[in-house]
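Asks: Attaching a predicted model along with its sequence, questions to come.
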Amino acid sequence: IVSKVLSLSHEKQIKLDIFDDNNSHVKYVDFLVTSVSSMEKPLVIASYVKLLSESITYFQNSIFKIILPLTTSITKCVEKLFEKEKTEGGNYQSVSLLINGLEELLEVSQTYLSADEGNGYLSSTSSRNDFLQNMVSNVFFNESGVNDSKVQSERHVILESLKRVVYCCFDIWVWAHKHSNIKETDSELCTVGEQNFQESLHHQAYKYKFKSKKLLEKLFTLKPLEVLEDLVERHASNLTITLVHVLDGNRPVLTLPYMFQSIISRCNRNSSTIFSTMSHLKRIPEPSPVNKLDVNSIMTFIIEYISTLEKAAMEDFYNDFMLFIREVSNNHQAYDSISTSVLKMTAIFSEKIDGTKFGEQKRVRRDISDVFHKYLPNALDSDIESNVDAVKIFQDLEFVSSKLRYIISEVLFSDKFNNCVSIIVTHAIT
C-alpha cells in the first residue's frame with residue numbers, strides 16, 4: 001500500500017509530509033535500514049525492494065546520509081541468505097531481488113553525486129524516469145556555489161557504499177565461478193539426496209555467477225577505477241584477473257589506463273598525463289579514499305594482468321602503455337619504489353608484442369627501446385638504494401635480462417644492447 005501511495009504521489013507530483021517532517025523521516029529511514037535484516041521470503045523482499053525503489057525519489061540530497069547504512073544492511077542480508085544457500089539452497093530469488101535494490105540505490109545515488117559535481121551525468125540515462133531527473137536538477141543545479149568539502153564527503157560515502165557492494169558481489173562471483181566449474185559428483189560416493197543437492201547447487205551457481213557479474217558490470221561502467229581498486233584490494237589472485245577480463249570484455253584498454261592512473265595519482269599528483277579512456281572526462285578520476293592499496297600491489301596486479309593477455313591485445317593499449325612509461329621515465333624519482341617492476345612490465349610487454357604484425361613496425365620497437373634505454377640507469381639507481389626487498393629486485397633484474405633481446409630493437413650484442421647489459425650487471429654487483 002505504501003509503495004502504491006509513493007508511486008502515485010510522484011506520478012502526480014504530490015508532496016508528502018512524511019519526507020518533510022524530520023521525526024517521521026528518521027523513523028521511516030530507520031525502518032528501511034533495520035527491517036531488511038530479518039527478511040528471507042521472496043514475497044516479503046520483493047515488497048521491500050519496491051518500497052525502497054519508490055522511496056529513493058523522495059530522499060533527494062538526504063540520500064547521502066542514508067545510503068551507507070542502507071547498503072550495509074542490505075549487503076549483510078544478502079551475505080546471510082547466500083551463506084544459507086550453500087548448505088540449504090532456495091534463496092536465489094531473495095538474493096536476486098536484493099541485488100536489484102542495491103543496483104538502483106547506487107545508480108540513483110551516483111546520479112545525485114554527479115549532479116552535485118556538475119559533470120553533466122544528468123543528461124545520460126538513469127534508472128529512474130524523467131521526474132527523478134527533473135527533481136535532482138531542481139535540487140542541485142539551482143544551488144549557487146557547492147561546498148567542495150561537502151562534495152568530497154558525499155563522494156566518500158558513495159565510494160564506501162560501492163566498496164561494500166563490490167565486496168559482496170565479488171565473494172558471490174568467486175564462489176559461483178568455482179562451483180559452476182566443478183565436475184559432477186561421483187554418484188557412488190554420496191547418497192541420492194546429496195547427489196540431487198549438488199546438482200541443484202551446480203545449477204544455482206551459474207545463476208549467482210550471472211547475477212553478481214551483471215551488477216559488477218554496471219558498477220564498472222559507472223566507476224571503473226574505484227571498482228578495479230576494490231577488486232584488487234579484496235582478493236588479488238588469478239580469479240580477480242579472470243573477473244576483470246569478464247568486466248572489460250578482454251579489452252585491456254578499458255582497464256589498464258585506470259590502473260596506470262591509479263599509480264600516477266599516488267606517486268605524482270601534479271602529472272599532466274591523460275590516458276585515452278579519460279580524455280573526454282571533465283574530471284580525472286582519483287584513487288578511492290576508502291581503499292588502502294599501495295603502488296606495489298597495483299603494479300603486481302598490472303604485471304599479472306598483462307601476463308595473461310594474448311599477444312594481439314598489446315596493440316589495444318600500446319599508446320596508453322607508452323604514455324605511462326614515459327611519465328615514469330621523465331619523473332623517475334617519484335616512482336622509486338616500483339622502478340624494477342616497471343622494467344619487468346616493459347619486458348613482458350615487449351616479449352608479447354614481438355612477432356605480431358603491429359610489433360614489426362620499426363617505430364613501435366624503436367619507441368619502446370629508446371624509453372627503456374633512457375630509463376634503465378635511473379630506475380636502478382633509485383630502486384636499489386631505496387627498496388629494501390633486495391630479493392625481488394634481483395629476481396626482476398634477472399627476468400629483464402632474459403628478455404632484453406625483445407626490448408632492445410637493435411641486433412643482439414649491439415652497442416645499445418651491450419650498454420643495457422653493462423648497466424644491469426654493474427648495479428647488480430655494487
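Replies: Good, I have the coordinates. These numbers were taken from a predicted model, which means no experiment stands behind them. Numbers count the residues shown, from 1 in each chain.

Asks: List of residues touching stretch 334-342?
Replies: Outside of stretch 334-342, the residues within contact range by Cβ atoms under 8 Å, 6 or more residues apart in numbering are 263, 267-268, 295-296, 299-300, 303, 325, 328, 332, 375, 378-380, 382-383, 386-387, 392-393, 396-397, 400. Any C-beta I mention is one placed from the backbone N, CA and C, and that applies to glycine too.

Asks: Of the residues you listed, just the buried ones, ChimeraX syntax please.
Replies: Buried members of the contacts of stretch 334-342, defined by 16 or more other Cβ atoms under 10 Å, are picked up in ChimeraX with:
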select :263,267,268,295,299,303,325,328,332,375,378,379,380,382,383,387,393,396,397,400
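
Asks: Name the helix or strand of the protein that has the lowest mean pLDDT.
Replies: Lowest by mean pLDDT, DSSP states H and E among the helices and strands of the chain is helix 2-11, with a mean of 47.

Asks: Distance from the chain centre to the helix or strand following it, please.
Replies: Downstream of helix 2-11, the first helix or strand assigned by DSSP states H and E is helix 22-35. In terms of Cα atoms, centre = their mean, to the nearest Å, the centre of helix 22-35 is found 32 Å from the chain centre.

Asks: Would you mind pulling up the elements that helix 22-35 packs against?
Replies: helix 42-59, helix 63-87 (3 or more Cβ pairs under 8 Å, 6 or more residues apart in numbering; DSSP states H and E).

Asks: Which other helices and strands does the shortest one contact?
Replies: What it means is helix 42-59. Counting by 3+ Cβ pairs under 8 Å, 6+ apart, helix 42-59 packs on helix 2-11, helix 22-35, helix 63-87, helix 92-117, helix 130-140.

Asks: Which one, of these, ends up nearest to Val227?
Replies: Comparison of the helices and strands packed on helix 42-59 against Val227 by Cβ to Cβ identifies helix 92-117 as nearest, at 10.9 Å.

Asks: Now the closest one: buried residues?
Replies: With burial defined by 16+ other Cβ under 10 Å, the residues of helix 92-117 counted as buried are 92, 94-117.

Asks: Could I get the CA-only coordinates of the helix or strand hosting Thr300 as PDB?
Replies: According to DSSP H and E, Thr300 maps onto helix 295-307. C-alpha atoms of helix 295-307 as PDB (Å, rounded to 0.1, in the frame of the first residue of the first chain):
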ATOM      1  CA  VAL A 295      51.600   1.200  -5.600                       C
ATOM      2  CA  ASN A 296      53.400  -2.100  -5.300                       C
ATOM      3  CA  SER A 297      50.200  -4.000  -5.000                       C
ATOM      4  CA  ILE A 298      48.800  -2.200  -8.000                       C
ATOM      5  CA  MET A 299      51.900  -2.900 -10.100                       C
ATOM      6  CA  THR A 300      51.800  -6.600  -9.100                       C
ATOM      7  CA  PHE A 301      48.200  -6.700 -10.400                       C
ATOM      8  CA  ILE A 302      49.200  -4.900 -13.700                       C
ATOM      9  CA  ILE A 303      52.100  -7.300 -14.300                       C
ATOM     10  CA  GLU A 304      49.900 -10.400 -13.700                       C
ATOM     11  CA  TYR A 305      47.100  -8.900 -15.800                       C
ATOM     12  CA  ILE A 306      49.400  -8.200 -18.800                       C
ATOM     13  CA  SER A 307      50.900 -11.600 -18.500                       C
END
